[in-house]
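J.: structure for this input, please:
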Amino acid sequence: MAWIALVIAGLLEVGWAIGLKYTEGFTRPLPTTLTLLSMGASVALLGWAMKSLPVGTAYAVWVGIGAVGTVILGIVLFKEPAGVARLVSVGLIVAGIVGLKLSH
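T.: Numbering: from 1, shown residues only. Okay, the predicted model is just below:
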């Protein structure tokens, strides 16, 4: 159950990272509210997952999911560059996440 909570926390991290772009410096009420709710839920789920998972593993997986998801959505939503080096780097992050899961 902790791993499921951790994955959801990571996905919520993607949501708030992308949401920050839409808040336009916290000047838009609805995106700001949704972003702040996503932040709170993400951190709460991360904290809950850490009750039974090692802190280093949980935090690294949370950050990794957030980073990979945010890069992918940045490419899709904001037409950010998707060069080979960038995609290989994302692949290395995914490999690290899988490695941490397998080593737990």
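J.: burial count for P54?
T.: Using other C-beta atoms under 10 Å, P54 has 12 neighbouring residues. (Glycine included, C-beta is placed from N, CA and C.)
J.: surely it is in contact with H104?
T.: Yes: shown here, P54 and H104 form a contact pair, counting by C-beta atoms under 8 Å, at 7.0 Å.
J.: which parts of this structure are helices?
T.: With DSSP state H as the criterion, the chain has helices at 2-23, 29-49, 55-78, 84-103.
J.: just name the most buried of those helices.
T.: Highest mean neighbour count of the helices of the chain: helix 2-23, a mean of 19 (counted as mean count of other C-beta atoms under 10 Å).
J.: list the helices and strands it packs on?
T.: Packed against helix 2-23 by the contact rule (3 or more C-beta pairs under 8 Å, 6 or more residues apart in numbering; DSSP states H and E) you find helix 29-49, helix 55-78.
J.: dump the ones you listed to a markdown table, plus distance to V94 and mean pLDDT.
T.: Putting the helices and strands packed on helix 2-23 into a markdown table (distance: least, C-beta to C-beta, whole Å; pLDDT from 0 to 100) gives the following:
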| stretch | distance to V94 | mean pLDDT |
| --- | --- | --- |
| helix 29-49 | 19 | 98 |
| helix 55-78 | 6 | 96 |
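J.: just put these in a markdown table and tack on distance to G91.
T.: A markdown table is the format used below for the helices and strands packed on helix 2-23 (distance: least, C-beta to C-beta, whole Å):
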| stretch | distance to G91 |
| --- | --- |
| helix 29-49 | 24 |
| helix 55-78 | 9 |
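J.: quick one, what contacts the residue nearest the centre of the chain?
T.: In the chain, the centroid-proximal residue (C-alpha atoms, centre = their mean) is G66; its distance is 1.6 Å. Taking C-beta atoms under 8 Å, 6 or more residues apart in numbering, we find G66 in contact with G10, E13, V14, A17.
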